[in-house]
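Q: build me a model:
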Amino acid sequence: MITNTQGGIYRIKNLETGAMYIGKTAQTFAKRWGRHRRALRSSRHRNAHLQSSYNKHGPAAFEYKVLEVIPRGDMSDKEFIEHMNEREVILIAEYDARQNGYNQTDGGGGALGWDPAPETKAKISKAQIGKKKALGYRHTDEARANMSASKTGKPWSTERRARHEAKKEAARLNSPTDTQASDTAAQS
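A: Residues are numbered from 1 along each chain as shown. The predicted model follows:
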């Protein structure tokens, strides 16, 4: 739940190059800018283009400015966020902050309009190869044998035994027996 009575749209502008980043916040502007500043100072900002420019030009080259204050009024959280998203999209386009600035998307929620270049897609795909949590990963036979050996001989708890027996019984009741299968085949 959003607790602030207002949010808004802000700009971070590089005074040397004129490039800018347009963002939205439901926090106070000071809090949001503080998060940007901390990330930039520690070289951990999510926006690599903005981070690179900050590293090159230094903190004094950047101006933080409120573009639009959006009072919440009696809007629900959803309405408030949707309204801020709409205004962010409009202002990113108006300031051309995507093509000639630091915005990586059209705005309005984060990934809207993000279409990575084929090289970027290839890098992302390559980075996922060999990751153990990747979709379709299968443990090696050696790893499976080690996991099996580590569990062999360990007694099951009463709860686990009961769950196992219940699953077996449910499977038995839900699968046709040999006589049921032959009766069904004979009726066809």
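Q: who is Pro71 paired with across the strands?
A: Following DSSP bridges, Pro71 is listed with bridge partners Gln6.
Q: so it is in contact with Ala26, correct?
A: No - with contacts counted by CB atoms under 8 Å, Pro71 stays clear of Ala26, the gap being 11.9 Å. Just so you know, the C-beta spots here come from the backbone N, C-alpha and C atoms, and that holds for glycine as well.
Q: who's more crowded, these two?
A: Ala26 (17 against 11; other CB atoms under 10 Å).
Q: measure that one to Tyr10 for me?
A: Ala26 is 12 Å from Tyr10, where distance means CB to CB, to the nearest Å.
Q: try Lys167
A: Relative to Tyr10, Lys167 is positioned 55 Å away (criterion: CB to CB).
Q: okay, the two: which has more neighbours?
A: Regarding Lys167 and Tyr10, a neighbour count based on other CB under 10 Å identifies Tyr10 as having more, with 22 against 10.
Q: what's the end-to-end length of stretch 12-32?
A: According to CA to CA, to the nearest Å, stretch 12-32 extends 11 Å from its N-terminal end residue to its C-terminal end residue.
Q: residues in contact with that stretch?
A: The contact list for stretch 12-32 (CB atoms under 8 Å, 6 or more residues apart in numbering) reads 2, 4, 7-11, 33, 36, 47, 50, 53, 57, 61-67, 80-81, 84-85, 87-88, 91-92, 95, 97, 100-103, 107.
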